[in-house]
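Student: following is a predicted model, sequence given first.
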Amino acid sequence: MTTQFAGKTALVAGGAGFIGSHLCARLLRDRMRVICLDNLSSGAAENIQDLRQGPALEFIQHDVTETLPRNLHADLVINLACPASPPLYQLDPVHTMMTNVVGTNHLLELAAKCGARFLQASTSEVYGDPVVHPQTESYHGNVNPTGPRACYDEGKRAAETLCFDYLRQGKVDTRVARIFNTYGPLMRPTDGRVISNMVSQALRNRPITVYGDGTQTRSFCYVDDLLDGLLALLRHPERVPHPVNLGNPFETNMLDLADAVIQLTGAASAIVRMPLPKDDPRRRRPDISLARELLGWKPKVPLTTGLRRTIDWMSGSSWIKPRPRRSAPRRPFAAAELAAD
Ligand code: NAD
Ligand code: UDP
């Protein structure tokens, strides 16, 4: 990133969220001006509190479904606005859908007006409950359009459609990243996603909740790796007329994840089973060949390293009041020590 965009302005919608606040920090380090626009629904002002001390970050509390404030100008528009946690995006499903469709359109209009490059945070959820494994960008997915996850999945699919229509019409240079499960410090312990839940439960020695039989899989990417991929896509010198998967191909099931969290925290937590939510995808793993070839990108942080950093952050976070840990892990967690593919 560094010099290419130094001195330019990036508008980050959803910039007070988990990924957004990391991204704002990174852009500021790259000497950009940042406008963080967020309605603070699933994000938090504390995430960007330190960044707001400097003059280079402006925060605007605003909902992207509403007409954007006048006189905004940006050289880059980055759209991360949307709750990513299933319980949170299902709280107000109509608003989630509108955030993705109306909100994305508002931001694309702004980018068109300013001549800005546009980056869309799409998702592996566009593949739904995939029957092709691992998932390549050419796979069109298996989404239930009427189920409880559809507000997010179909909203994100529609947002991708808008991006590629603006691109084909020559209005905006759009880039679409299909982000797979990402985790790290600054995830709200209460946001309901699996790593937030398991780590916060373990730090309090509470039972670890595994939904269903726990054999469903996900592939977790550490947030710093994801940022490298997003920024590489953003600075790519040519048009990118197709989506790009960004994720860590190391795949794990939820029972093994629970085990890893228990080992790494030294918690005395038991595992409890909870019902599997409707339409919960059975398995998910990105094929990142395209990102490797196009961007020279691949994730570097192994799951155990990323989990340790997340645990360290969460145990010091004001959200959690940890109980004493056992002195040493019971046994090593070999599977997750595997390096990223
Ligand atoms: P997050 O919920 O922490 O952040 C989303 C941010 O968007 C929050 O700050 C929230 O307040 C804001 N927001 C939501 N609706 C808004 C609206 N209508 N107007 C303005 N702001 C709004 O989630 P995250 O994990 O940081 O995800 C960021 C983006 O990346 C999301 O678009 C998500 O769909 C996408 N993504 C994330 C993951 C992941 O695993 N974290 C995976 C795939 C895609
Ligand atoms: N999950 C779980 N325990 C939890 C929360 C989630 O076993 O406390 C499971 C969930 O059913 C899913 C996986 O973990 O199979 C990932 O869930 P998350 O909500 O983090 O992300 P997504 O389903 O959107 O990939």
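Tutor: Yep, that arrived. Residues are numbered from 1 along each chain as shown. Ligands and ions are numbered 1, 2, ... in the order given.

Student: low-confidence ranges in this structure?
Tutor: Applying pLDDT under 70 to the chain picks out residues 1-3, 319-341.

Student: switch to 50 and redo it
Tutor: Counting by pLDDT under 50, the chain has low-confidence residues at 1, 325-341.

Student: can you give me the strands in it?
Tutor: Per DSSP state E, the chain carries strands over the ranges 9-13, 33-38, 57-61, 76-79, 117-123, 173-179, 182-183, 208-211, 217-219, 221-222, 244-246, 251-253, 271-274.

Student: export those to JSON lines and tack on mean neighbour count and distance to residue 261?
Tutor: Quick note: C-beta positions are derived from backbone N, CA and C, even for glycine. Shown next, in JSON lines, are the strands of the chain (neighbours: other Cβ atoms under 10 Å; distance: least, Cβ to Cβ, whole Å):
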{"stretch": "strand 9-13", "mean neighbour count": "26", "distance to residue 261": "30"}
{"stretch": "strand 33-38", "mean neighbour count": "24", "distance to residue 261": "29"}
{"stretch": "strand 57-61", "mean neighbour count": "16", "distance to residue 261": "33"}
{"stretch": "strand 76-79", "mean neighbour count": "28", "distance to residue 261": "31"}
{"stretch": "strand 117-123", "mean neighbour count": "25", "distance to residue 261": "23"}
{"stretch": "strand 173-179", "mean neighbour count": "23", "distance to residue 261": "22"}
{"stretch": "strand 182-183", "mean neighbour count": "27", "distance to residue 261": "11"}
{"stretch": "strand 208-211", "mean neighbour count": "20", "distance to residue 261": "7"}
{"stretch": "strand 217-219", "mean neighbour count": "21", "distance to residue 261": "14"}
{"stretch": "strand 221-222", "mean neighbour count": "25", "distance to residue 261": "15"}
{"stretch": "strand 244-246", "mean neighbour count": "26", "distance to residue 261": "24"}
{"stretch": "strand 251-253", "mean neighbour count": "18", "distance to residue 261": "11"}
{"stretch": "strand 271-274", "mean neighbour count": "13", "distance to residue 261": "10"}
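
Student: can you say which of these is nearest to ligand 2?
Tutor: Taking Cβ to the nearest ligand atom, strand 208-211 is the member of those nearest to ligand 2, at 3.5 Å.

Student: related to what we said a few turns ago, save the strands of the chain as CSV, and put in distance to residue 234 too.
Tutor: Shown next, in CSV, are the strands of the chain (distance: least, Cβ to Cβ, whole Å):
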stretch, distance to residue 234
strand 9-13, 9
strand 33-38, 13
strand 57-61, 18
strand 76-79, 7
strand 117-123, 5
strand 173-179, 6
strand 182-183, 16
strand 208-211, 34
strand 217-219, 22
strand 221-222, 17
strand 244-246, 11
strand 251-253, 27
strand 271-274, 38
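
Student: as JSON lines, those strands with distance to ligand 1 would be great.
Tutor: As requested, the strands of the chain are exported to JSON lines (distance: least, Cβ to the nearest ligand atom, whole Å):
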{"stretch": "strand 9-13", "distance to ligand 1": "6"}
{"stretch": "strand 33-38", "distance to ligand 1": "4"}
{"stretch": "strand 57-61", "distance to ligand 1": "9"}
{"stretch": "strand 76-79", "distance to ligand 1": "7"}
{"stretch": "strand 117-123", "distance to ligand 1": "4"}
{"stretch": "strand 173-179", "distance to ligand 1": "4"}
{"stretch": "strand 182-183", "distance to ligand 1": "4"}
{"stretch": "strand 208-211", "distance to ligand 1": "16"}
{"stretch": "strand 217-219", "distance to ligand 1": "9"}
{"stretch": "strand 221-222", "distance to ligand 1": "8"}
{"stretch": "strand 244-246", "distance to ligand 1": "9"}
{"stretch": "strand 251-253", "distance to ligand 1": "14"}
{"stretch": "strand 271-274", "distance to ligand 1": "20"}
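
Student: give me every residue that touches the closest residue in space to residue 102 that isn't next to it in sequence.
Tutor: Sequence neighbours aside, residue 65 is the residue nearest to residue 102 in space, at 4.8 Å (criterion: Cβ to Cβ, 6 or more residues apart in numbering). Neighbour list for residue 65: 95, 98-99, 102-103, 106 [criterion: Cβ atoms under 8 Å, 6 or more residues apart in numbering].

Student: and residue 65, how far from ligand 2?
Tutor: Distance, residue 65 to ligand 2, using Cβ to the nearest ligand atom, to the nearest Å: 22 Å.
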